[in-house]
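> can you look at this prediction? I've put the sequence above it.
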Amino acid sequence: MKFKSIDLFSPYILVAIIVIYTALAAIAYQEHLRNLQWISTTTWIYVLMGTLFFIAGVFAPKFLYNHSEKLKSLLSSPGVTEKNSEPWYNKIRVMLDERVVLAAVLIGILLQIINLYLLGGIPILSGYLKFKATTDLWRFAYPIFLPAITILLAKYPRKWYYLLFIIGLGVFAINGYRTTTMAILISGFITLYYTRKMKTSHILIAILLIGLVGVAAGYIAVMSIQWQQWSLNPLQLVAYRAGFTMMVFDKIVHMAGATGGDLFQQALSTGHPRVTVSQVVLNYPVSGSTPTTSITSTIFGPAVLDFGFYAMIIQMFVIGAVLRIIYASQIKANGALTAFYAIVLTHTMIWVETGPTDSVVYLFYLLALVAVVLYATQLMKNPSTS
């Protein structure tokens, strides 16, 4: 099988990410990095079951498609164009006009620059500033910038838009959060992967560079935390973070249901679910002389801590099914749907470590699903195209 014939970023990529992440954790346990010990067999079974139900979720829409002539007819139609779409649909598509999207990109970058100015320093170089960097301004800037820049790259391939992408990546990377940096970088790459004819060598080089940026960003961010001392090299730190996060999940497995839905409620509001994880699971203090610690617990952790094993497998099945639906839609529609798919897939891959505890990611999922529903509605309303 040729490399180009493989779709690297189908929803099944999440399985590969889970395997890689657990392998890194195993290396940390084998080397006893910072005295990490092997987690229980039960926890490995939880990971396996969660992954299997994710695969089942990805497969489910395909199974329905194969057994539904109506769906086959719908998805084999030519698609929605300006000529055959409803007037209200065309009005919504005005929001994707190049000038509108470009303005959104510039607004997002400007808001983040103002945010950095008001912070009075560079958060990536200071743990204290990093703790304060996720402000209300950032909460507006990031959800505006990321969809806008990916849509711009997907629909309007002008060379100077790549410069805007780099500028935006830089001003958000300064915030000090590795997840934000990687989300922008990977979303942009996946968008280009589907909308440009990239050479195999360019794809491999891009993946290598993204990996190096991820390692470097994580190392710089950790080393800037003044109240922590680290003696690990960058590669050891990557393995240790995976091992530590899996260790947190191991503890969660043995106290399933302890938070009774509190993490999910906080994730959909302005709460701090990762801080709650640190307090409930690791008994970290509520307050003190240093900023409150935020702890990740893998993609499986929050659901188990809130409701137990069955909540985890339902969550993984739903994530798999939703990703598959958005994926199938973007393959047919391309453009803005490709940008939305790139965003939700990227954040879901990041969830493998951090867990689904970010309200902004739920917003991205919602936007992607709304786009899918609107597109499907137009397909069904045009018999001539189906």
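Happy to help now that I have it. Everything numeric here is computed off the predicted structure, so don't read it as measured data. Numbering: from 1, shown residues only.

> what about residue 24, how many neighbours?
For residue 24, the neighbour count with other CB atoms under 10 Å is 19. (C-beta placed from N, C-alpha, C; glycine too.)

> show the pLDDT at it.
On the pLDDT scale, residue 24 is placed at 96.

> then residue 227?
51.

> for residue 255, what are its contacts?
280, 281, 305 (CB atoms under 8 Å, 6 or more residues apart in numbering).

> how about the residue nearest in space to the middle of the chain, nearest residue that isn't a chain neighbour?
Compute the mean C-alpha point of the chain, and by CA atoms, centre = their mean the closest residue is residue 347, 0.2 Å away. Spatial nearest neighbour of residue 347, chain neighbours left out: residue 361 (4.4 Å); criterion: CB to CB, 6 or more residues apart in numbering.

> repeat that for residue 372.
Computed as CB to CB, 6+ apart, the closest residue to residue 372 that is not its neighbour in sequence is residue 329, at 4.6 Å.

> just to revisit the earlier point, so which of the contacts of residue 255 comes closest to residue 130?
If you rank the contacts of residue 255 by distance to residue 130 using CB to CB, residue 281 comes first, at 22.1 Å.

> wait, doesn't the residue nearest to the centre of the chain sit right on residue 358?
Yes - counting by CB atoms under 8 Å, residue 347 does reach residue 358; the two are 7.3 Å apart.

> counting neighbours, what do you get for residue 209?
Number of residues near residue 209 (other CB under 10 Å) recorded here: 12.

> need the three-state assignment for it.
The three-state label given to residue 209 by DSSP: H, G, I helix; E, B strand; the rest coil is helix.

> pLDDT score for it?
Listed pLDDT for residue 209 reads 92.

> so how far is residue 342 from it?
Residue 209 sits 17 Å away from residue 342, going by CB to CB, to the nearest Å.

> could you do residue 95 as well?
18 Å.

> again with residue 101
Using CB to CB, residue 101 is found at 15 Å from residue 342.

> most neighbours, which of the contacts of residue 255?
residue 305 (32 neighbours).

> show me what the helix or strand that contains it is packed up against.
Element membership of residue 305, judged by DSSP states H and E, is helix 301-307. Applying 3 or more CB pairs under 8 Å, 6 or more residues apart in numbering; DSSP states H and E, we find helix 301-307 packed against helix 234-253, helix 262-267, helix 273-281, helix 309-333.

> export these to CSV and tack on mean pLDDT?
Listed next are the helices and strands packed on helix 301-307 as CSV, based on pLDDT from 0 to 100:
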stretch, mean pLDDT
helix 234-253, 93
helix 262-267, 91
helix 273-281, 90
helix 309-333, 94
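
> now the ones you listed in a markdown table, with distance to residue 379?
Formatted as a markdown table, the helices and strands packed on helix 301-307 follow (distance: least, CB to CB, whole Å):
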| stretch | distance to residue 379 |
| --- | --- |
| helix 234-253 | 41 |
| helix 262-267 | 33 |
| helix 273-281 | 37 |
| helix 309-333 | 9 |
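
> so is residue 348 in a helix, a strand, or just coil?
Residue 348 - assigned by three-state DSSP - is helix.

> my guess is it contacts residue 15, does it?
No - contact criterion CB under 8 Å: residue 348 and residue 15 do not qualify, at 11.6 Å.

> who's more crowded, these two?
Each of residue 348 and residue 15 has its neighbours counted (other CB under 10 Å); residue 348 has more, 23 against 15.

> quick check: the gap between the more buried one and residue 16.
Counting by CB to CB - residue 348 and residue 16 are separated by 13 Å.

> got it, and residue 95?
Residue 95 sits 34 Å away from residue 16, going by CB to CB.

> got the end-to-end distance for stretch 23-43?
14 Å (CA to CA, to the nearest Å).

> revised request: answer the last question for stretch 192-200.
In stretch 192-200, first residue to last residue: 13 Å (CA to CA).

> give the buried residues for that stretch.
If you call a residue buried by 16 or more other CB atoms under 10 Å, then stretch 192-200 has these buried ones: 192, 193, 194, 195, 198.

> quick check: buried residues in stretch 245-262?
Result for stretch 245-262 [16+ other CB under 10 Å]: buried residues 245-253, 256, 258-259, 262.

> closest one of the residues you listed to residue 9?
residue 245 (23.4 Å).

> surely the closest one touches residue 25?
Yes - if you go by CB under 8 Å, residue 245 and residue 25 touch, sitting 7.4 Å apart.

> lovely, talk soon.
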